[in-house]
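A.B. asks: Make a model of this:
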Amino acid sequence: MKIEHMAAPAQHPSVQKFTKLVTDLERERKSRIFCIIHSKAAHICSLELPEYINRRGHFDRLDTLELLLHSPGGDADFAFKLMKFFRRRCKRLNVIVPLMAKSAATIMSLGADAIFMGEFAELGPVDVQIQDPVERGAEPLSPLDEFKSMEFLRDYAMEVFDFFTLLVIRQSGMSVKEAIHESGPYVTAMVRPLFEKIDPLEVGGHRRALAVGEEYAKRLLKLVGNPAAASIVNRLVWQYPSHEFGIDFDEAAELKLPVKELDRRQDERLSTAIMELVDAGITFNGFAGPAKVPARKAKVSQDTQRPPRRMSGGVNQNGHRPSAR
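C.D. replies: Residues are numbered from 1 along each chain as shown. Prediction:
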């Protein structure tokens, strides 16, 4: 399925209203606000990378940067890369979530110094979604499905074993040791066909997929020095029953995330403006006001005659990928 990220048309009334609101909020909050607002099928993905490469200068020398997030998630790899980029470009980084920052957007939130959540705001579990076009078609699946199934089978096997053992003791008067010996074959015969349907290679692949979100979450929490990182990651990856499960302000606070209540008036204005963008099918990615690019002093030296040096990843210091020729 082709995903298109439509740039926000500046002349649209909803966009004009939104940009004015965010510009006003920048003055109120004494920060620079970068917006990532996704509508319909839009999501966090590497298709947006060229935009960030071209905008790098807009983030220089920022004191407080705040990310206004509204997204169902997306590519965990790119979300992690993006958050590391934002952190390198400012002294303090906050995330503002009036309504929704799920999955990969939740991963991004873990790298914030503070998460400002609105009254209806939701974060979500960090279980990376994978595609299985052969079995499931275009519908993504959660790797947790396999593990939750195995947990159920394990619990079911123990319940059946306890039931048969107690039944044998009660009906025959056998000792516990003898009853266990007799119950084992019956329980094994019942659950073996179920366990034989599990493919170890598939389970291993799903475990590796879960490890992606797990490791990115650990690294971002470590980056901000969250002392509860281990328990937060365990719950976000393993303890919630579904990918869509909503983690509201109270739940996030219980997790020991650095959440703060978003000012009620700001929350109401932002929620309304975001919903108008989403209803219009508009995705907004960028600063609301004019870019504030810090002036750089020209430096004249012999180095200016040298060709640009290469940086890691095959990108030179001018932000262009070297020719393969």
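A.B. asks: what's near enough to touch the closest residue to Phe59 other than its chain neighbours?
C.D. replies: Residue nearest to Phe59 in three dimensions, not counting chain neighbours: Arg89, with 3.7 Å by C-beta to C-beta, 6 or more residues apart in numbering. The way it works is simple: take the backbone N, C-alpha and C, and place the C-beta from them, glycine included. Going by C-beta atoms under 8 Å, 6 or more residues apart in numbering, Arg89 touches 56, 59-60, 62, 65.
A.B. asks: Residues contacting stretch 73-84, please?
C.D. replies: By C-beta under 8 Å, 6+ apart, stretch 73-84 touches 38, 43-46, 48-49, 52, 102-108, 111, 124, 126, 128-129, 212-213, 216, 219-220, 223.
A.B. asks: Buried only: go through these for me.
C.D. replies: 38, 43-45, 48, 52, 102-108, 111, 124, 126, 128-129, 212-213, 216, 219-220 (16 or more other C-beta atoms under 10 Å).
A.B. asks: before we move on, the earlier item: pLDDT-wise, what's the bottom of the contacts of Arg89?
C.D. replies: Scanning those for pLDDT, the smallest score is found at Asp60, 82.
A.B. asks: That one: how many residues sit nearby?
C.D. replies: Counted with other C-beta atoms under 10 Å, the neighbours of Asp60 add up to 12.
A.B. asks: beta partners of His74?
C.D. replies: For the record, residue 74 is Gly, not His. Ile44 (DSSP bridges).
A.B. asks: distance of it from Ile107?
C.D. replies: Gly74 sits 10 Å away from Ile107, going by C-beta to C-beta, to the nearest Å.
A.B. asks: next one: Pro258
C.D. replies: 15 Å.
A.B. asks: quick one, strands of the stretch 201-325 of the chain?
C.D. replies: 259-261, 284-287, 310-311, 315-316 (DSSP state E, counting those that start in this stretch).
A.B. asks: What strands line up against the second one, and which way round?
C.D. replies: What that stands for is strand 284-287. Sheet pairing for strand 284-287, using DSSP bridges, gives strand 32-37 (antiparallel).
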